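Colleague: Predicted model and sequence below, questions to follow.
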Amino acid sequence: DGTLTYTITINNQTSVAYTTPVITDVLDGNLVTFVNDSVTIDGAKAESSQYNYDTSTNTLTVTLEDLAPSSSKTITFQVTKKA
């Protein structure tokens with residue numbers, strides 16, 4: 001019950017930068033509801049231009065800035081459990 005926090009970590013273990021990587025996560029709309037304005041990137045609140053949640057497909061899409069070699073980014077977001 002209550003709010004759940006999901007964490008996705010993207011690690012660039014290559015010698016080449018990832019250019020504006022796009023991360024998608026499809027949520028099970030039968031089990032959870034996405035919490036609006038809950039997305040953070042490396043602990044900072046994400047701007048609305050950095051992510052989109054499509055309610056018709058339950059898909060969260062996050063667009064990151066370039067990710068340098070040997071670096072990482074952490075995305076978090078929240079959902080609530082459906083009754």
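Modeller: Received it, and whenever you're ready, just let me know what you need. These numbers were taken from a predicted model, which means no experiment stands behind them.
Colleague: Now do the same contact list for Ile8.
Modeller: Residues counted as contacts of Ile8 (CB atoms under 8 Å, 6 or more residues apart in numbering) are Ile23, Asp25, Thr74, Ile75, Thr76. C-betas here are computed from N, CA, C, even on glycine.
Colleague: could I get the host helix or strand of it in PDB with only the CA atoms?
Modeller: Secondary-structure assignment from DSSP states H and E places Ile8 in strand 3-12. Extracted C-alpha coordinates of strand 3-12, given in PDB (Å, rounded to 0.1, in the frame of the first residue of the first chain):
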ATOM      1  CA  THR A   3       3.700   5.100  -2.700                       C
ATOM      2  CA  LEU A   4       6.400   3.200  -4.300                       C
ATOM      3  CA  THR A   5       9.600   4.700  -5.700                       C
ATOM      4  CA  TYR A   6      11.200   3.200  -8.900                       C
ATOM      5  CA  THR A   7      14.900   3.700  -9.600                       C
ATOM      6  CA  ILE A   8      16.600   3.300 -13.000                       C
ATOM      7  CA  THR A   9      20.400   3.700 -13.300                       C
ATOM      8  CA  ILE A  10      22.000   4.100 -16.700                       C
ATOM      9  CA  ASN A  11      25.700   3.400 -16.700                       C
ATOM     10  CA  ASN A  12      27.800   4.300 -19.700                       C
END
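Colleague: Helix, strand, or coil at the closest residue to Val16 other than its chain neighbours?
Modeller: Using CB to CB, 6 or more residues apart in numbering and skipping the chain neighbours, the partner closest in space to Val16 is Pro69 (6.2 Å). Counting by DSSP: H, G, I helix; E, B strand; the rest coil, the backbone at Pro69 sits in coil.
Colleague: Okay then, goodbye and thanks.
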